[in-house]
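Student: After the sequence you'll find the predicted model.
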Amino acid sequence: MKPEETVDYNIKVAWHAISRMYNTQAAQNDITTSIGFVLLNIDQEKGTPATKIAPLLGLETRSLTRILRSMEEKGLIYKQADSVDKRSVRIFLTPVGLEKKEISRQTVRHFNLKMREKIPQSQLDVFFKVAAQITGMIEGKTLFEDFILKPLRTETTA
């Protein structure tokens, strides 16, 4: 099977193209794609518990910690103890963070509008259905239940 005939290769190539495009736009606004996605997932009024952000974005906690630190240094966010659960920390947007969130929102919206202009809704419906099926199969952790890795045979000469 050629790489371009595999599902994972095509998803990876598409995502890398999208990521490069978003990073180009983000760099013009002194942020990264990752920062933009985090900004989009922070509630503007109530803030968002830090522990809720990583799962929303499919990030590891360590990666999110690094991103949040960078966002704090850039003055995009601030942390505050949760008023109900003092052990929990909520992330809030600063005025600069709100501005960058709006830029991120407009960028994502523009991309999606352009996709919808060029790709018929019927094809997008199939794409969304297939993407959901792939995600469900992976998250169900059953893809490799019956997989048995066969060792390579090596011939030895006597």
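Tutor: Cool, got the structure.
Student: Please report how far the residue nearest the centre of the chain lies from I148.
Tutor: Taking CA atoms, centre = their mean, the centroid of the chain lies closest to L57, which sits 4.5 Å from it. L57 sits 34 Å away from I148 when distances are taken as CB to CB, to the nearest Å. To be clear about C-beta, it is placed using only N, CA and C from the backbone, and glycine gets the same treatment.
Student: try I138
Tutor: Distance, I138 to I148, using CB to CB: 19 Å.
Student: For A81, what are phi and psi?
Tutor: Its backbone dihedrals place A81 at phi -60, psi 140, with angles given as degrees, to the nearest 10.
Student: just the strands in this structure please.
Tutor: Secondary structure of the chain by DSSP state E: the strands cover 48-49, 77-81, 89-93.
Student: Tell me which strands the shortest one pairs with, and in which orientation.
Tutor: When sheet partners are counted by DSSP bridges, strand 48-49 sits next to strand 89-93 (antiparallel).
Student: chain center to the strand it pairs with, what's the gap?
Tutor: Distance of strand 89-93 from the chain centroid (CA atoms, centre = their mean, to the nearest Å) equals 19 Å.
Student: Please identify the buried residues of that strand?
Tutor: Neighbour counts over strand 89-93 (16 or more other CB atoms under 10 Å) mark R90, I91, F92, L93 as buried.
Student: Tell me which of these has the lowest pLDDT.
Tutor: Lowest-confidence member of the buried residues of strand 89-93: R90, scoring 92 (pLDDT).
Student: Hmm, that residue is touching A50, no?
Tutor: Yes: taking contact to mean CB atoms under 8 Å, the distance of 7.2 Å between R90 and A50 places them in contact.
Student: Find the residues that touch each one of those two.
Tutor: A shared contact of R90 and A50, defined by CB atoms under 8 Å, 6 or more residues apart in numbering, is any residue touching both; here these are K79.
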